[in-house]
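**Q** 3D, please:
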Amino acid sequence: MDINAAFDKLQQNVNASPEAVTEARRRRDLFRGTFGSEDDVEETVPSGSFARGSQKDPINDVDIIVVYDETEHEGWGTPGPSAEEALTHVQDRVKALLGVSEGSVSKEVRLTRVQNHSVKCWLDDPDAKLAFTVDVTPALRVDEETLLIPEKNSSCWIQTAPEHLNRVIAERHADWNKFVGQVRVVKRWGADQQTEMKSLLLEVLALHHLPKETRSKALARFFAAGASAVLSPVEDPAGLCGEIQPDLDRDAAARHFTKASEAAWRAVEAEDRGETDRAACLWRSIFGDIFPEPPGGCSNGNGAKAVGGAAASVHRRPIRDAPQGGQ
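**A** This is a model prediction of the structure:
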């Protein structure tokens, strides 16, 4: 079996469809254009995995940050009620500009809800299982890559640097054009594990531990490094927000990485020996049936039980490759 072709098919199965990407971009850009025209707004910043091109299928949400002119909003950025006031201001403007009943620009937002840092806006039926949302976060500019955003629960404003992560991920992808695609693959693997690992946690681990290599060796090295890395705090690359997932069950996560690492290295060794069917079956044991099965199946010595919680029985439709998000 051609392992490169098999990894191409895995990538296709992890990617969102071109139609989903196009619609997500349209909805995000609707918000960016609408808020970018407001008199008190300095700029809008795409954020989240869709902005970085690392959003796996399905695309359930996109994120934007609205950077306000602080001279137009006295008191914003200081501890106290201004944090919730900023979020309420965004909620009111979303309703006025884009609400289904009163939107002056477009009538697309069905429901808004103030969260801790952002306003979540439902553009689909809120009761639908995969209802699409746009998360809008108000902010003040501190410097080139640092923003101040509200935190409703603490009545404070905190520093964050989403543009820093956007930049370093883009730099890694410019150096290796498989990088963000493999981040999507890693995220899909993480979503199939019984231990919850946040998407951002896996993306930051990939930033540090997914090397420029063949895809098989890059993933094997990633899983091996991840088994140790998750036992220590995985922190915001910009050094502002601390640990990404403080409630992570580190021991359980390490076990998932270890199992995947062991199978991945066996797959690499089998591929090096020319046993490509066995290599494919070992990768399939990690990723489930989104990794193609060789023509002869995974029996007669090629088989391997699913490891690390891979969803081997879940059928994924093959789709065309396409750019995923991006600014």
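**Q** Am I right that P46 is in contact with V67?
**A** No - using CB atoms under 8 Å, P46 is not in contact with V67; the gap is 11.9 Å. No exception for glycine: its C-beta is placed from N, CA and C like everyone else's.
**Q** center of the chain, which residue is that?
**A** The structure's the chain has its C-alpha centroid closest to S49; by CA atoms, centre = their mean the separation is 3.9 Å.
**Q** Excluding residues flanking it in the chain, which one is nearest it?
**A** Spatial nearest neighbour of S49, excluding adjacent residues (CB to CB, 6 or more residues apart in numbering): Q55 at 4.2 Å.
**Q** Now do the strands in the stretch 51-200 of the chain.
**A** Counting by DSSP state E, counting those that start in this stretch, one finds strands in the stretch 51-200 of the chain at the ranges 61-68, 111-114, 119-122, 133-141, 147-151, 156-160.
**Q** Redo those strands as a markdown table? Include mean neighbour count.
**A** A markdown table is the format used below for these (neighbours: other CB atoms under 10 Å):
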| stretch | mean neighbour count |
| --- | --- |
| strand 61-68 | 23 |
| strand 111-114 | 16 |
| strand 119-122 | 22 |
| strand 133-141 | 23 |
| strand 147-151 | 22 |
| strand 156-160 | 18 |
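**Q** V119 versus A139, what's the distance?
**A** From A139 across to V119, the span is 12 Å (CB to CB, to the nearest Å).
**Q** actually V21, sorry about that
**A** Here V21 is placed at a distance of 24 Å from V119 (CB to CB).
**Q** Let me see the ranges of the helices in the stretch 201-327 of the chain.
**A** 215-229, 250-272, 276-287 (DSSP state H, counting those that start in this stretch).
**Q** Buried residues, stretch 211-228. List them.
**A** For stretch 211-228, burial by neighbour count (16 or more other CB atoms under 10 Å) applies to 215-227.
**Q** my bad, should have said stretch 289-303
**A** Of the residues in stretch 289-303, D289, I290, F291, P292, P294, C298, N302 count as buried by neighbour count, 16+ other CB under 10 Å.
**Q** Among those, list the two that are farthest apart in space.
**A** Maximum pairwise distance in the buried residues of stretch 289-303, criterion CB to CB, is 17.9 Å, between I290 and N302.
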